[in-house]
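Asks: What follows is a protein structure lacking sequence information:
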């Protein structure tokens, strides 16, 4: 039996992998992966929904990380826009859960080495047993 948070990973990967153009999508990025890449990141602030102690339903925040190379921010911004368009206000069924995404915010910063940009999109997630 899959848990609510695993269903979030499955749903996010399915939507992003099917829709992202110009980058690969990973949950666990290989060490030798060359950018651009979209990474399904952390699940934070996860809490149980419903008053029942045994509730399998969860809500929280999902981070999606974008890594690009180059001197311009535009490729990173374009990938962040794709992430938002693919996930915001979407609900899909995955592994026995209805998983919903709501876009919250995004940011992009120059990488420490100055050779690219790191983007971060944050989404509110709900994973409710189907």
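Replies: Noted; the coordinates are in hand. Because the structure is a prediction, the values reported are computed rather than measured.
Asks: So residue 71 versus residue 85, what's the distance?
Replies: Using CB to CB, to the nearest Å, residue 71 is found at 25 Å from residue 85. Backbone N, C-alpha and C define where each C-beta goes, glycine included.
Asks: typo on my end, it should be residue 46
Replies: If you go by CB to CB, the gap between residue 46 and residue 85 works out to 25 Å.
Asks: what helix or strand is the residue nearest the centre of the chain on?
Replies: Nearest to the mean C-alpha position of the chain, counting by CA atoms, centre = their mean, stands residue 64 at 3.6 Å. Taking DSSP states H and E as the definition, one finds residue 64 inside strand 58-69.
Asks: Flag every buried residue along whichever helix or strand comes after that strand.
Replies: Downstream of strand 58-69, the next assigned helix or strand under DSSP H and E is helix 74-87. Within helix 74-87, the residues that count as buried by 16 or more other CB atoms under 10 Å are 75-80, 82-84, 86-87.
Asks: that's a strand at residue 42, yeah?
Replies: Yes - counting by DSSP: H, G, I helix; E, B strand; the rest coil, residue 42 is found in a strand.
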